[in-house]
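Asker: what's the 3D shape of this:
(chains A and B)
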Amino acid sequence: KNQVEQSPQSLIILEGKNCTLQCNYTVSPFSNLRWYKQDTGRGPVSLTIMTFSENTKSNGRYTATLDADTKQSSLHITASQLSDSASYICVVEYGNKLVFGAGTILRVKS
Amino acid sequence: DAMVIQNPRYQVTQFGKPVTLSCSQTLNHNVMYWYQQKSSQAPKLLFHYYDKDFNNEADTPDNFQSRRPNTSFCFLDIRSPGLGDAAMYLCATSRPGGLSSEQFFGPGTRLTVL
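Answerer: Numbering: from 1, shown residues only, chains lettered A, B, ... in the order given. A predicted model of the protein is given here:
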């Protein structure tokens, strides 16, 4: 069964600290993996997209890694800001469809 | 700026009263999607259009219908909303195939059913 699991479910960190969010997937065949940021009450916004041949992709303070052998990805946020508080969703594409993880809710406190 | 626009942002309807949600795009993308997202859950695909071809997900209730009169617009019709249909409804667009098939999401319409 095609599934995407994310951990932790929620996370609270202090402003300025780093954090890492995890994503494990069983989707096959795999096209690409994306990380989205979804602010409360808004639509998801793409942060990174990686094919199976890419190991890492950065977008400012966001760095995503992918291990296609172990089917794991992580999203590392450096020097967190209050505006990073959101849900982070890992999404795996196969064909023209997406399998969504349930997301990790991140709260950055001052 | 090219974008995906959803109207209204908030919709309140009564139990059983039909409602239509609207999505428009200026990206000229072939594919348009409708997702339902309930609180603290992942978005769930309801259906998508590839140009004029309609593709319904197997578990999408008959209560949900869609129309795509042209490339730019797509509508979600809920014929008889129930309390369980209260959710955020997200529209997304993409070009078909490969990396270019990244989906761009609208801001969503939050539906409340009284």
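Asker: Would the least confident helix or strand in chain A by mean pLDDT count as contacting chain B?
Answerer: When the helices and strands of chain A are compared on mean pLDDT, DSSP states H and E, strand A:97-100 comes out lowest with a mean of 84. Yes: Strand A:97-100 reaches chain B (Cβ under 8 Å from any Cβ of the partner chain) through A:Lys97, A:Leu98, A:Phe100. Backbone N, C-alpha and C define where each C-beta goes, glycine included.
Asker: Tell me the most packed of these, by neighbour count.
Answerer: Of all those, the most densely surrounded is A:Leu98 (25 neighbours; neighbours counted as other Cβ atoms under 10 Å in any protein chain shown).
Asker: Regarding the residue nearest to it when sequence neighbours are not counted, what is its secondary structure?
Answerer: Using Cβ to Cβ, 6 or more residues apart in numbering or on different chains and skipping the chain neighbours, the partner closest in space to A:Leu98 is A:Val91 (5.0 Å). Here A:Val91 takes the strand state, with states given by DSSP: H, G, I helix; E, B strand; the rest coil.
Asker: How many neighbouring residues does the closest residue to B:Val4 other than its chain neighbours have?
Answerer: If the residues on either side of it in the chain are set aside, B:Val4 comes closest to B:Gly106, at 3.8 Å by Cβ to Cβ, 6+ apart. Counted with other Cβ under 10 Å, residues neighbouring B:Gly106 total 24.
Asker: cool, A:Thr26 as well?
Answerer: A:Thr26: 13 surrounding residues under other Cβ under 10 Å.
Asker: List the contacts of the residue nearest to it when sequence neighbours are not counted.
Answerer: Here the nearest residue to A:Thr26 in space, its sequence neighbours aside, is A:Gln3; by Cβ to Cβ, 6+ apart that works out to 5.0 Å. Listed by Cβ atoms under 8 Å, 6 or more residues apart in numbering or on different chains, the contact partners of A:Gln3 are A:Tyr25, A:Thr26, A:Val27, A:Val99.
Asker: quick one: which two of those residues are the most distant?
Answerer: Greatest spatial distance in those: A:Thr26 and A:Val99, 9.0 Å, computed using Cβ to Cβ.
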